[in-house]
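Engineer: fold the following for me, if possible:
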Amino acid sequence: MHSVSAGEFLYRVRQFVRNRFFDRLAEDDFGVSLPIPDCGIIDTPDAHLPYPIFDSHVDIFKEIDWHLDISTGKRFPSVFANDIDVFSGRNGNVKYVWEVNRMQFLLHFALAYETSKELKYLVLFCHYLATWRETNPYMLGVNWFSNIEVNLRLICWYLCWHVLDVDDLRKRDSAIDEFIGDVWMPIVCEHAEYSYLHPSLYSSANSQLVVEYVGLFLATVAWKIPHWSSRQKYAVSGLEREILRQNTSEGVNREESAEYVQFVGELFLIAAIVGRSAGIEFSQTYNDRLYAMARYMNAFLDCQFNNPMYGDIDDEYVLRTDIDGHFNNFKSLLISFATYFEDSAFKREGLVWDDKNTVLFGTEGRKKFESLPCAPVQDGNTFFVQSGHFIFKKAVPAATPDGTPRETFLHFDAAPLGYLSVAAHGHADALSFVLHVDGHPVFVDPGSFSDHTHADLRRYFVGTIAHNTVCVNGKNQAEQAGPTMWLNHYRVNTVSSDEAAGEVTASHDGYASEGVTHTRQVKYDRDKDEFVITDSLQCAHPVSLEIPFHLHPDASVELHGSTAEVLVSGCRRVTVELDKKLSYAIREDGWYSEHFAKKTPAKFLYAKIECFGDVKFETKLRIRG
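Structural biologist: Next comes the predicted model:
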């Protein structure tokens with residue numbers, strides 16, 4: 001409790017009373033008995049359509065058990081939501097259950113119906129809404145446990161309503177009108193009420209709160225829910241406040257998770273698009289901060305739209321229209337930002353209009369986007385000094401024989417641990433770096449793999465030793481108090497930086513308890529295409545230092561004395577000149593996780609040394625054709 005303020009303690013008490021008393025009074029013990037629409041696709045034995053859920057899938061042409069964890073076969077009980085053991089794993093991995101219940105595949109059915117006018121897709125859409133309502137009475141089951149899940153459904157339903165043009169459907173079809181009145185609108189109202197009554201505040205007031213405001217805002221725009229006018233003002237006010245709180249003036253999301261750059265960016269963008277369409281304009285301050293967020297996202301993507309994977313990577317999407325597995329939402333968001341701001345700076349070569357942006361902007365938006373010229377190739381460093389993110393970038397004029405662009409890209413992380421007192425989605429990665437060459441990750445952040453399950457692996461992926469920085473005495477730079485909770489946050493200080501010269505020096509105090517201060521300087525010689533990384537440590541006591549350099553699983557590495565040759569197929573090789581004071585080895589017990597619940601063994605260069613007093617190491621990374 002020492003990380004919780006008095007105000008948060010009182011808030012948690014009030015939430016406990018609501019969750020345990022008032023929510024129980026509102027619980028629908030009996031549910032509803034609904035006529036479930038007959039669905040020919042579900043009744044057809046040979047009809048199957050696998051929809052990806054992390055490393056598994058659900059067949060969306062067959063009945064769905066809305067409480068089943070498809071990864072373990074375990075089922076969460078249909079009891080009062082706040083009595084359920086959600087995170088221990090006893091009932092399964094709740095993230096799989098919630099991912100299915102976000103119902104984002106409904107948008108695929110809505111688009112299929114709108115395109116083909118085949119009634120089977122509309123019937124299937126209605127069938128799933130009806131079975132969801134029948135098996136998820138208000139406050140019964142795990143799908144009423146989390147407000148973020150409630151609001152992601154609201155956002156999905158709003159977009160489906162828009163694609164289907166439900167207002168017109170209701171006028172033309174009395175059966176549809178009756179179904180919507182009896183089934184869809186009641187659960188919309190329940191969701192909107194839940195959203196308003198269960199805000200995420202204090203240490204929980206991160207991206208969760210943004211989802212809640214966006215979901216409620218969209219509900220007030222599309223549907224005349226109870227108290228819609230006052231709740232719309234509440235949601236708009238919250239969004240105006242949180243876009244400034246949760247993102248720096250340079251546009252960097254304070255969660256310190258690269259994936260949340262796209263997740264939070266899309267949330268604020270959708271609110272702005274919907275508001276503009278409804279005649280509810282957000283302020284210029286809001287739009288200026290949104291533009292800064294777009295600028296940062298554009299800068300931190302390499303020439304093949306890969307991002308540096310710092311912080312939690314858990315495949316969070318606000319909106320997805322595909323059913324093909326993982327897709328690069330950063331690319332799609334660049335299209336969205338170019339269209340919304342009508343700014344060609346975000347229209348990179350190779351971006352192609354997609355279904356997601358058709359949902360958001362329609363055909364008029366596509367015309368705007370396609371009328372924009374393509375932006376020049378990015379070439380030059382971009383330093384976000386106040387936020388602690390430093391991007392070194394050089395576009396090499398000569399492309400490969402097949403036309404693939406050549407680029408040197410390095411991201412240096414001198415940012416805080418994360419947002420608010422728990423820094424839920426941050427990793428202990430101060431002064432770490434990643435290096436991409438020609439659009440291929442070479443030296444990498446390993447990702448995160450899991451959140452509340454696989455405790456040992458969670459500790460590894462978020463820990464300092466899993467990142468390209470210096471680890472002292474085998475400890476993390478901050479104290480991990482839970483799967484998504486950090487205590488004793490470190491402070492990072494940017495000592496000096498020169499964007500034009502390609503130099504930055506920063507230090508952190510995460511090892512003050514060990515009597516150690518770590519300072520790292522990164523210098524880039526553009527002419528030589530060479531980075532010099534200098535680590536300086538002041539050690540007041542004898543300590544053990546570990547220095548890892550984590551490689552992408554596709555990388556091969558050969559070590560000859562103090563020189564390592566690293567090669568990834570499709571890009572120029574990297575020669576690593578290691579400090580001769582250190583004895584490096586190639587270890588093969590690392591992990592890499594580009595997507596949630598998926599991990600791959602990976603190699604890393606590793607050195608360990610015992611030292612005392614002042615010590616300095618120099619590492620050179622030379623990119624060679």
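
Engineer: show me the domain layout of this protein.
Structural biologist: As given by automatic domain parsing, the domain ranges for the chain are 1-198, 382-624.

Engineer: got a markdown table for those, with distance to Gln246 and mean pLDDT too?
Structural biologist: The way it works is simple: take the backbone N, C-alpha and C, and place the C-beta from them, glycine included. Listed next are the domains of the chain as a markdown table, based on distance: least, C-beta to C-beta, whole Å; pLDDT from 0 to 100:
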| stretch | distance to Gln246 | mean pLDDT |
| --- | --- | --- |
| domain 1-198 | 14 | 89 |
| domain 382-624 | 7 | 96 |
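
Engineer: quick one, which of the ones you listed is packed in tightest?
Structural biologist: Of all these, domain 382-624 carries the top mean neighbour count, a mean of 19, counting by mean count of other C-beta atoms under 10 Å.

Engineer: run the chain-centre distance for that domain.
Structural biologist: Counting by C-alpha atoms, centre = their mean, to the nearest Å, domain 382-624 is centred 20 Å from the centre of its parent chain.

Engineer: ok, stretch 106-115 next?
Structural biologist: 25 Å.

Engineer: what does stretch 133-147 give?
Structural biologist: How far stretch 133-147 lies from its chain's middle: 25 Å, per C-alpha atoms, centre = their mean.

Engineer: for the biggest helix by length in the chain, what is the average pLDDT?
Structural biologist: Using DSSP state H to define each element, the chain has its longest helix at helix 258-277. The average pLDDT for helix 258-277 rounds to 98.

Engineer: in the protein, where's the longest strand?
Structural biologist: Determined from DSSP state E, the single longest strand within the chain is strand 600-624.

Engineer: direction included, what does that strand pair against?
Structural biologist: strand 530-550 (antiparallel), strand 573-577 (antiparallel), strand 585-592 (antiparallel) (DSSP bridges).

Engineer: picking that back up, looking at the domains of the chain, which is nearest to Phe217?
Structural biologist: Nearest to Phe217, of all these, is domain 1-198, at 9.4 Å by C-beta to C-beta.

Engineer: and Ser230, how many neighbours?
Structural biologist: Per other C-beta atoms under 10 Å, the neighbour tally for Ser230 reads 11.

Engineer: what are the contacting residues of the next helix or strand after the longest helix of the chain?
Structural biologist: As assigned by DSSP states H and E, the chain's next helix or strand after helix 258-277 is helix 284-299. Residues outside helix 284-299 that contact it (C-beta atoms under 8 Å, 6 or more residues apart in numbering) are 239-240, 243-244, 247, 249-253, 261-262, 264-265, 268-269, 272, 330, 333-334, 337, 341, 343, 345-346, 348, 378, 382, 384, 387, 389, 391, 393.

Engineer: strands - which of those land there?
Structural biologist: Per DSSP E, the contacts of helix 284-299 map to strands at Thr382, Phe384, His389, Ile391, Lys393.

Engineer: still on that earlier bit, the domains of the chain into JSON lines, with extra columns for distance to Ala222?
Structural biologist: Below are the domains of the chain laid out as JSON lines (distance: least, C-beta to C-beta, whole Å):
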{"stretch": "domain 1-198", "distance to Ala222": "5"}
{"stretch": "domain 382-624", "distance to Ala222": "30"}
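
Engineer: still on that earlier bit, any of the contacts of helix 284-299 buried? List them.
Structural biologist: 239-240, 243, 247, 250-253, 261-262, 264-265, 268-269, 272, 330, 333-334, 337, 341, 343, 345-346, 348, 378, 382, 384, 387, 389, 391, 393 (16 or more other C-beta atoms under 10 Å).

Engineer: can you show me the strands along the stretch 401-550 of the chain?
Structural biologist: For the stretch 401-550 of the chain, strands defined by DSSP state E, counting those that start in this stretch occupy the ranges 406-413, 432-437, 440-443, 471-472, 479-482, 485-487, 492-498, 503-508, 516-525, 530-550.

Engineer: which strands border the fifth one, and is each parallel or antiparallel?
Structural biologist: Yep, that's strand 479-482 we're talking about. strand 485-487 (antiparallel).

Engineer: residues in contact with the partner strand?
Structural biologist: Contacts to strand 485-487, defined as C-beta under 8 Å, 6+ apart, come from residues 2-3, 417-418, 422-424, 426, 428, 478-481.

Engineer: same thing but at 10 Å, please
Structural biologist: Contact partners of strand 485-487, identified using C-beta atoms under 10 Å, 6 or more residues apart in numbering, comprise 2-3, 203, 417-418, 421-424, 426-428, 462, 476-481.

Engineer: just those: which are in helices?
Structural biologist: Members of the contacts of strand 485-487 lying in helices (criterion: DSSP H): Val462.

Engineer: tell me the secondary structure for Asn82?
Structural biologist: What DSSP: H, G, I helix; E, B strand; the rest coil gives for Asn82 is helix.

Engineer: should've said Gly215
Structural biologist: Going by three-state DSSP: Gly215 is helix.

Engineer: wait, isn't it in contact with Glu193?
Structural biologist: No - with contact defined as C-beta atoms under 10 Å, Gly215 and Glu193 do not form a contacting pair (11.8 Å).

Engineer: pull the contacting residues for the residue nearest in space to the middle of the chain.
Structural biologist: Nearest residue to the geometric centre of the chain (C-alpha atoms, centre = their mean): Glu259, 2.9 Å. Shown in contact with Glu259 (C-beta under 10 Å, 6+ apart): 253, 307, 309-317, 329-330, 425, 447-448, 596.

Engineer: okay, which residue of this protein is out on the far edge from center?
Structural biologist: Farthest out in the chain is Ser174, which, by C-alpha atoms, centre = their mean, sits 41.2 Å from the centre.

Engineer: before we move on, back to that, point out the one among the domains of the chain that comes closest to Gly325.
Structural biologist: Here domain 1-198 is closest among the domains of the chain (C-beta to C-beta), at 4.4 Å.

Engineer: off-centre distance for the closest one?
Structural biologist: 21 Å.

Engineer: cool, stretch 288-301 as well?
Structural biologist: 15 Å.

Engineer: any idea of the mean pLDDT for it?
Structural biologist: Averaged across stretch 288-301, the pLDDT comes to 98.

Engineer: report the buried residues of it.
Structural biologist: 289-301.

Engineer: can I get those residues in a markdown table with distance to Tyr490?
Structural biologist: Shown next, in a markdown table, are the buried residues of stretch 288-301 (distance: C-beta to C-beta, whole Å):
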| residue | distance to Tyr490 |
| --- | --- |
| Arg289 | 26 |
| Leu290 | 30 |
| Tyr291 | 31 |
| Ala292 | 25 |
| Met293 | 25 |
| Ala294 | 29 |
| Arg295 | 27 |
| Tyr296 | 22 |
| Met297 | 25 |
| Asn298 | 29 |
| Ala299 | 25 |
| Phe300 | 22 |
| Leu301 | 27 |
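
Engineer: could the strands paired with strand 600-624 go into JSON lines alongside distance to Asp614?
Structural biologist: Output for these, formatted as JSON lines (distance: least, C-beta to C-beta, whole Å):
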{"stretch": "strand 530-550", "distance to Asp614": "6"}
{"stretch": "strand 573-577", "distance to Asp614": "22"}
{"stretch": "strand 585-592", "distance to Asp614": "25"}
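
Engineer: which one of those lies nearest to Tyr490?
Structural biologist: Nearest to Tyr490 among these is strand 530-550 (14.5 Å), distances taken as C-beta to C-beta.

Engineer: the closest one: what's the following helix or strand?
Structural biologist: Counting by DSSP H and E, the element after strand 530-550 in chain order, helix or strand, is strand 556-560.

Engineer: returning to what we had before: what angle separates the longest helix of the chain from helix 284-299?
Structural biologist: Between helix 258-277 and helix 284-299, the angle comes out at 140 degrees (axes from the mean of the first three to the mean of the last three C-alpha atoms, to 10 degrees).
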